[in-house]
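*Asks:* 3D model of this:
(chains A and B)
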Amino acid sequence: MSDARRLLELGGVAKHFGGLYALSGLDMHVNEGEIVSVIGPNGAGKSTMFNVVTGLYGPDDGDVRFRGDSIVGLAPNRITRLGISRTFQTVHLFPNMTILENAMVGQHCRSRSGVFGSVLRLPSTRREEERIRAKAKESLAFFGSRLAGYRQDQPAFALSYANRRRLEMARALATDPVLVMLDEPTAGMNPRETLELRDHIVRMRDVLGLTVLVIEHDMRVVKGVSDRVIALDYGRKIAEGTYEHVANDPQVIEAYLGTKAVG
Amino acid sequence: MGELASRGVLRAGLAGGVVAIYVALVGLYTRFADLELVGEQITLGRVMLLAPALAAGSVVTRPRTVGGERRPVASGPGLTIGILTGLVSGATFALAVAFADWFGVDRIREVFVQISEALIDFLTFGLGVPSGLLALIAVSVAGGAIGGFARTAPADLRKPAAVGILAVLLLGLLQRIVPIIFVELGFEADWLYSPVTGGLTWLGALLIFAASAAGSFLLTRDGGRASERMRAKVQKAPAAKVGLLVAILAAASILPLLLGTVISEVLGQVMIYVLLGLGLNIVVGYAGLLDLGYVAFFAFGAYTTGLLTGAFLNTTTGAAQPALSADINFYFAVCIVALLAAGVGVLIGAPVLRLRGDYLAIVTLGLGEIVSIITASKWAQPLIGGPQGMRGVTKAEIFGLNFQDNPQHFYYLALVFVLLALFVSRRLSASRVGRAWNAMREDEQVAEAMGVSTIKFKLLAFAMGGAIGSLGGALFAVSIGSLTPASFEILVSITALAVVILGGLGSLPGVVVGALVLIGLPGLLREFEEYRALIYGGALVAIMILRPQGLVPNIRRSRELEADEASQDAWAKAATGEAEAVAAVVPGGALGGEPEDLG
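*Replies:* Down below sits the predicted model:
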């Protein structure tokens, strides 16, 4: 049944900050191999939902299930190891580390060398380090020449804005995820870069076989990539379905101040 | 010159004058009035007389950033501004001297004990108050002029000149070491260092200046490309790298034979702080956890070494066995000490896991204080001797070497420990563990979200830092033989942190240089001893303002943005064609500019 395909499932998730309900009884799910877009006006609770799923915030109520098991209460690093990886709304790289090192950190949860292996440089450690490096380069190569070549040895702070966003995604891909969660990946990008990124999101599913959950404001991107769209407002789901269905939903239109221009 | 510049001149000049007055009040001038650096004329005291105005002149002519654009001052106006700043600075100082003379030196001395006729005499160049003050102002003007010029002159000129002058000053300061090395090596030193004054001869100073300036010119011309090329060459050829390492090791291993016991002892102390610095560098430099209580590990290492190797307690009636003790071989004991210290690191780390930044600093400061207080407490007397301490720590004898009574032998023991710690630090920094620490330092929350267990790696950093720091304590215990609480005060934490910061956070050569500057220089120049804290403070303030990345920065942290962007632009231009192709998107990682780099 459809339940077997459910990769991520949120049931009645609530999160409040003081008196402010960022999420109140949110139910939603993501199926395996889907690209799901989450839309909604500012303050609708989209990023809070991401933070709850990835373990940065604990939910006040409700349950988050990944592949059928509850992940509530797990440390963020454990959730990443289970196969959920993310980017942030404002770019959060390790600015003084090189681009390659940034991506290599992504492989941290898939490797295990400790102090002794590192100091003695055991054969197993060396092999693992090679593997980490290869995997990191593979993730960077996902974005073609953008993060390739000499750039890999440059500090991340030297990158252009768009490339920082790409690097953040490459780092997320380097964790060998099952589900990638992208928080406004096209924010601040120019139209050409946005188009390019739209294709990258599709490729994440078609080429890498990943499931993608994306928060996005650019409706051309939402329209272009989504198998399903979920609209949030005031921490609740107000609409769900195909892009056309959600875009024409009166509640959604009202949430976006009654203007149809967003469509 | 605009209103802005004149205000800057006034402000910097006044600051320079006030600094000069302060230096006079604490007695630095009189203390170093007779330390000849070059000939009889250039004494350290006179150099210091020049320094405040020089610094003021240099500060006031620094390039300013206006609206994101860097605007350097041209060298012509730079010189004028420098002279004016020096004039203000000198006038301020001269006024103070005149006041002191008029008010009566003896009356001032009741409060400021360092003020004396000798000081007034020194400041007025023996000419007395009215006429000597002009000389004082003239010196200040010269200082300001040099400062202004040094900052605004073309780089080809000022860099070699600065390097030359610094080399002369440094060799002048090292007048008790360099001649000894010369003599030990069988060279004549009289042409370089005058046997009368002890300082450099004019000929020697000139030769040093010429040689170092020429060397600097060759390395820094075409914007430092020559030195870059050389570095690249060394980095590319493994043989050159190994050769350099062997040369450094060889030099390090014959050093104590050349330098004699006194200086070897200083070097031994330096290396104890190198160990502390290396350990703290893991905690602060790699993992970004500001630990102000590092003395805890130092004390733990020292006392545990004492207890494990059969030291006994000092009591009023003689000696007593500690409540808990063993008598095992030092080399076995030191392994246990390091392991236990790693455990203590975890214990100290556990309660502060959730704390960051300032909070962490304050709590670790408190934990460090607790440890120092415990070492001095009556309560701990049966175990570690309390206020009276312990004595009879092992001499760690091996192969007939005595590490306690012979500083030259101790040097080698310390060298082995330092090399070991350097090796471990280096391997760790270039590993998965080091990467995790770095990521945590850069952004803890994101590191956690990317799969790094921040709890585990924080504890690991405290454990590794603690283990290396405890080795410093163990060495200290061996070198000194007896332990008293006075050696384990907060100053140790501060000094270790100063070593790490001065050298450059995260930089291994930086730790060595930092320890040499902060421990070695005051140790060699005993005159500095009572001003040690003042020098630490001054050095830290200066380094934070002028060179926040440290003396020998971690390469990663010192990369210059402009250079990167320039090369990036050039590359982007060449790759525009490819970028168009990328936009069309072909699946897979098959596309890309440099396939050979993609592994």
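
*Asks:* isn't A:L82 right next to A:G68, touching?
*Replies:* No: contact criterion Cβ atoms under 8 Å: A:L82 and A:G68 do not qualify, at 11.6 Å. Heads up, the C-betas are built off the backbone N, CA and C, glycines and all.

*Asks:* what about the two, which has more around it?
*Replies:* Set A:L82 next to A:G68 and count neighbours by other Cβ atoms under 10 Å in any protein chain shown: A:L82 wins out with 18 against 10.

*Asks:* Can you name the residues that contact that one?
*Replies:* Contact analysis of A:L82 by Cβ atoms under 8 Å, 6 or more residues apart in numbering or on different chains lists A:F66, A:R67, A:I71, A:L74, A:V178.

*Asks:* between those residues, which is nearest chain B?
*Replies:* Taking Cβ to the nearest Cβ as the measure, chain B lies nearest A:L74 of the contacts of A:L82, at 11.5 Å.

*Asks:* the helices in the stretch 351-500 of chain B, which residues?
*Replies:* Assigned by DSSP state H, counting those that start in this stretch, the helices in the stretch 351-500 of chain B fall at B:357-376, B:381-384, B:407-429, B:432-442, B:444-449, B:454-480, B:490-503.

*Asks:* any idea which of the ones you listed is most buried?
*Replies:* Stretch with highest mean neighbour count among the helices of the stretch 351-500 of chain B: helix B:454-480 (a mean of 26; mean count of other Cβ atoms under 10 Å in any protein chain shown).

*Asks:* helices and strands around it, which ones?
*Replies:* Secondary-structure packing of helix B:454-480 (3 or more Cβ pairs under 8 Å, 6 or more residues apart in numbering or on different chains; DSSP states H and E): helix B:238-280, helix B:295-308, helix B:330-349, helix B:407-429, helix B:432-442, helix B:444-449.

*Asks:* would you list the contacts of A:L82 in JSON lines and tack on neighbour count?
*Replies:* As requested, the contacts of A:L82 are exported to JSON lines (neighbours: other Cβ atoms under 10 Å in any protein chain shown):
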{"residue": "A:F66", "neighbour count": "20"}
{"residue": "A:R67", "neighbour count": "14"}
{"residue": "A:I71", "neighbour count": "19"}
{"residue": "A:L74", "neighbour count": "18"}
{"residue": "A:V178", "neighbour count": "17"}
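
*Asks:* Mark which of these are part of strands, please.
*Replies:* A:F66 (DSSP state E).

*Asks:* among the contacts of A:L82, which two are most distant?
*Replies:* Within the contacts of A:L82, A:L74 and A:V178 form the most distant pair, 15.1 Å apart (Cβ to Cβ).

*Asks:* residues of stretch A:15-25 that come out buried?
*Replies:* A:K15, A:Y21, A:A22, A:L23, A:S24 (16 or more other Cβ atoms under 10 Å in any protein chain shown).

*Asks:* could you pick out which of the residues you listed are near chain B?
*Replies:* Near chain B, judged by Cβ under 8 Å from any Cβ of the partner chain, there are no entries from the buried residues of stretch A:15-25.

*Asks:* if we take those residues, which one ends up nearest to A:M189?
*Replies:* A:A22 (26.2 Å).

*Asks:* Report the contact partners of the closest one.
*Replies:* By Cβ under 8 Å, 6+ apart, the neighbours of A:A22 are A:K15, A:H16, A:G45, A:T48, A:G235.

*Asks:* Tell me the confidence at B:A33?
*Replies:* Per-residue pLDDT puts B:A33 at 83.

*Asks:* Verify the contact between it and B:F122 for me.
*Replies:* Yes: contact criterion Cβ under 8 Å: B:A33 and B:F122 qualify, at 4.9 Å.

*Asks:* which residue sits closest to B:A100, ignoring its sequence neighbours?
*Replies:* B:I108 (5.6 Å; Cβ to Cβ, 6 or more residues apart in numbering or on different chains).

*Asks:* again with A:R67
*Replies:* Closest to A:R67 by Cβ to Cβ, 6+ apart is A:L7, at 6.3 Å.

*Asks:* Go ahead and report the secondary structure state at the one you found.
*Replies:* Following DSSP: H, G, I helix; E, B strand; the rest coil, the label given to A:L7 is strand.

*Asks:* Might one say that it is in contact with A:F66?
*Replies:* Yes: if you go by Cβ under 8 Å, A:L7 and A:F66 touch, sitting 6.9 Å apart.

*Asks:* on that earlier part again, gap between the residue nearest to B:A100 and B:G385?
*Replies:* Counting by Cβ to Cβ, to the nearest Å, the gap between B:I108 and B:G385 amounts to 46 Å.

*Asks:* okay, these two: which has more neighbours?
*Replies:* B:G385 (27 against 17).

*Asks:* Would you agree the residue nearest to B:A100 falls within a helix?
*Replies:* Yes: assessed with three-state DSSP, B:I108 lies in a helix.

*Asks:* how about the residues of the stretch 351-500 of chain B that lie near chain A?
*Replies:* Close to chain A, as judged by Cβ under 8 Å from any Cβ, the stretch 351-500 of chain B has residues B:423-424, B:427-428, B:431-436, B:438-439, B:442-443, B:445-455, B:460, B:464.

*Asks:* do that again at 6 Å, thanks
*Replies:* B:424, B:427-428, B:431-433, B:435-436, B:438-439, B:442-443, B:446, B:448-453 (Cβ under 6 Å from any Cβ of the partner chain).

*Asks:* so what's B:I519 scoring on pLDDT?
*Replies:* Looking at B:I519, its pLDDT reads 86.

*Asks:* Check the burial of it by counting its neighbours.
*Replies:* What B:I519 shows, counting by other Cβ under 10 Å, is a neighbour count of 24.

*Asks:* and it, how far is that from A:R5?
*Replies:* 66 Å.

*Asks:* near chain B, which residues of the stretch 51-200 of chain A show up?
*Replies:* Counting by Cβ under 6 Å from any Cβ, the stretch 51-200 of chain A sits next to chain B at A:54, A:76-77, A:80-81, A:92, A:94, A:96-97, A:101, A:105-106, A:108-109, A:111, A:113, A:115, A:118-119, A:134, A:137-138, A:141-142, A:144-145, A:148-149, A:154-155, A:158, A:175, A:196, A:199.
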